[in-house]
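Participant: What follows is a predicted protein model with its sequence.
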Amino acid sequence: MIAGESRAALDLEGIQVTFVSQDGARYTAIRDTSLRVAPGEFVSVVGPTGCGKSTLLNVAVGLLQPSAGGVRVFGEPLSGLNRKAGYLFQTEALMPWRTALANVTAGLEFRGVEKEQAKKQGEAWLQRVGLRGFGARYPHQLSGGMRKRVALAQTLILDPEIILMDEPFSALDIQTRHLMENQLLEIWSANRKSVVFITHDLEEAISLSDRVVVLSAGPEARPIGEFAIDLPRPRDVAEVRLTPRFLELHTQIWHAMKAEVLKSYAQQQNQ
Amino acid sequence: MRSSRTSKAALRAWQAGVFVALLAFWYVATSPTLVPPIYFDDPNKAAFFFGEPLRVAQRIWVWFSSGSIYPHLWVTLVETALAFVIGTLLGLVVGLWLALSATASALLDPYIKALNSLPRLILAPIFGLWFGLDMGSKVALGVTLVFFIVFFNVYQGVREVSYTVLANARILGASDRQLLRHVYVPSAMSWVFASLHNAVGLAFVGAVVGEYLGSSKGVGYLILQAEGTFDINSVFAGIVVLTAFALVLDWMVTRAERRLLVWQPRGGETEKI
């Protein structure tokens, strides 16, 4: 293997995922999908709804075994859960019986970090995501945006080398969303890790990423285009959308995506 | 709109009103002098069949003031408590085990179903044979009643654990043991508590029915004795005492539930400033 190749933080190669249901029906969510993410790189994967984006992420974190192809993490083949990765779920993943602080420090506790130490780190992270003084609240006492912040802190406190995010902000209103995106960029710039960010929102993808990968409509989704985003950093996700270069990139990528979105829409109509 | 505090007080007042009305009806209907004998030919017969509230209250007062009921009450409460605790613990352990082990649950599924559909009160005389006429047989009967209630709820509760919460905890690095302690058990707890209210009642049923079928102590025994001499007032007094203590136990479960399930959302949790 060439030295340069092994340096990829995350390397998905020739991934195919075929689900077999109880009655024997087969459904291939993705096929022939390769994705390689360099250390410190922010990659977004966009595609129409139902194209298997989450499936790809579940393969990367080791929750799902691919039917074909392999996953390498810093050159090592992945078996079991990906211990170098943190995962931010689309839906609620906080433990409702733990306070915000206890949720943030859960990972440290599982790893046997001393309680006082964990608490100190947890408080610091809560402050970092703008939730100082909310540590004693339970998830149901927090708003959707606050819960996402807790989840973000819960994942990032473990300092994972690879951060996988599955449409983390899709359930938030637009203002909260911009705030969270800026916060994410700020935290990421301070300590650059590899990020794979799944979204169906092209603007979100462009404003956050170094690179945008477009998936085709499912079933049998595969990458159909890859675009480098050369917008200067630091970025403000709301302001960067008004720059001419952003619009150029948007037009370009949308052109590639449009046919797939229409295809996916037509499929849903037929169902 | 009125604040919730006054409406709660009003609700309590109405509840007390219903209680008083029921007592009044009982008193009037069984009094030999207040209503003419419509149904019974002898005006004293209503009191003979249904007891009289004042005499029931008097009987309870005598029991407690003379202290004669304490040994019986103590026996019944200990039986209930033991049945409740043992049945709950067994239900918890077996429920967790079967819910987490696919092989064990597949293997034992038909047996669990069979045991659950068995009319377990029938076992009371057999338990008397096995464990003697002392507390043992009553506790055993209570355990068989409590166990299944708790067991099925734990089983269901573990099955209903959110997939996302579970996957998240695993990715955060939880071992199987930690998953059990930090995800499965807390998640099942709300189901367990829902079942404990029923379990308390059934532990009581086990104890009292056991005593009723053969014993020399306990409130069930008192009731049986009173029935033997057609002392209907004592029967009702026994029932009232049992009901009062069942309510107390249920209230204790509610308290524990409030403390342990503090993380659960409750309706209308706002504060007026």
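Facilitator: Everything's here; your move.
Participant: Show me the residue at the heart of chain B, geometrically.
Facilitator: residue B:201 (1.3 Å; CA atoms, centre = their mean).
Participant: Up against chain A, what does the stretch 101-250 of chain B have?
Facilitator: B:162, B:164-165, B:167-175, B:178, B:182-183, B:186-187, B:189 (CB under 8 Å from any CB of the partner chain). No exception for glycine: its C-beta is placed from N, CA and C like everyone else's.
Participant: In PyMOL, select just the buried ones from the residues you listed.
Facilitator: Only the buried entries of those go into this PyMOL selection, using 16 or more other CB atoms under 10 Å in any protein chain shown:
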select buried, chain B and resi 162+165+167+168+169+170+171+172+173+174+178+182+183+186+187+189
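Participant: taking the residues of the stretch 101-250 of chain B next to chain A one by one, which sit in helices?
Facilitator: Among these, the members found in helices (DSSP state H) are B:164, B:165, B:167, B:168, B:169, B:170, B:171, B:178, B:186, B:187, B:189.
Participant: tell me which element the residue nearest to the centre of chain B falls in.
Facilitator: Applying DSSP states H and E as the criterion places residue B:201 in helix B:185-213.
Participant: just the angle between the lengthiest helix in chain B and helix B:185-213, please?
Facilitator: Using DSSP H, we find that the single longest helix of chain B is helix B:70-100. Relative orientation of helix B:70-100 versus helix B:185-213 (axes from the mean of the first three to the mean of the last three CA atoms, to 10 degrees): 140 degrees.
Participant: Tell me the helices and strands packed up against helix B:70-100.
Facilitator: With contacts taken as 3 or more CB pairs under 8 Å, 6 or more residues apart in numbering or on different chains; DSSP states H and E, helix B:70-100 sits against helix B:102-117, helix B:135-159, helix B:185-213, helix B:219-228, helix B:232-260.
Participant: so how far is the shortest one from its chain's centroid?
Facilitator: On the basis of CA atoms, centre = their mean, to the nearest Å, helix B:219-228 sits 20 Å off its chain's mean C-alpha point.
Participant: what do you get for the first one?
Facilitator: A distance of 25 Å separates the C-alpha centroid of helix B:102-117 from that of its chain, computed with CA atoms, centre = their mean.
Participant: could you point out which element follows it?
Facilitator: Where DSSP H and E defines the elements, the next helix or strand beyond helix B:102-117 is helix B:123-131.
Participant: Now do the helices in chain A.
Facilitator: Assigned by DSSP H, chain A shows helices spanning A:3-6, A:53-61, A:100-104, A:106-110, A:115-128, A:144-156, A:174-190, A:202-208, A:244-270.
Participant: Could you tell me which residues within the last one count as buried?
Facilitator: Using 16+ other CB under 10 Å as the burial criterion, the residues of helix A:244-270 that qualify are A:246, A:249, A:250, A:253, A:256, A:257, A:260, A:261, A:264.
Participant: ok, of the residues you listed, which one's closest to residue A:162?
Facilitator: residue A:253 (23.8 Å; CB to CB).
Participant: Please name the nearest non-neighbouring residue to the closest one.
Facilitator: In this structure, residue A:253 finds its nearest non-sequential neighbour in residue A:227, 5.3 Å apart by CB to CB, 6 or more residues apart in numbering or on different chains.
Participant: Show me the beta-bridge partners of that neighbour.
Facilitator: residue A:212 (DSSP bridges).
Participant: Hmm, residue A:250 and it touching each other?
Facilitator: No - contact criterion CB atoms under 8 Å: residue A:227 and residue A:250 do not qualify, at 10.1 Å.
Participant: The residue nearest to the centre of chain B touches residue B:243, doesn't it?
Facilitator: No - with contact defined as CB under 8 Å, residue B:201 does not count as touching residue B:243 (10.3 Å).
Participant: how about the residues of the stretch 1-150 of chain A that lie near chain B?
Facilitator: A:61, A:63, A:81-83, A:85-87, A:89, A:91-99, A:106-107, A:110-111, A:138-141.
Participant: 6 Å instead, please
Facilitator: Within the stretch 1-150 of chain A, the positions adjacent to chain B are A:63, A:87, A:89, A:91, A:93, A:95-97, A:106-107, A:110-111, A:138, A:140 by CB under 6 Å from any CB of the partner chain.
Participant: Make a ChimeraX selection of the buried ones in those residues.
Facilitator: Here is the ChimeraX command that picks out the buried ones among the residues of the stretch 1-150 of chain A next to chain B, judged by 16+ other CB under 10 Å:
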select /A:63,87,89,93,95,96,97,106,107,110,138
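Participant: Select from the residues of the stretch 1-150 of chain A next to chain B every entry located in strands.
Facilitator: If you go by DSSP state E, the residues of the stretch 1-150 of chain A next to chain B have residue A:87 in strands.
Participant: Save the residues of the stretch 1-150 of chain A next to chain B as CSV, and put in pLDDT too.
Facilitator: Below are the residues of the stretch 1-150 of chain A next to chain B laid out as CSV (pLDDT from 0 to 100):
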residue, pLDDT
A:63, 91
A:87, 94
A:89, 91
A:91, 88
A:93, 92
A:95, 94
A:96, 92
A:97, 92
A:106, 94
A:107, 93
A:110, 94
A:111, 92
A:138, 92
A:140, 90
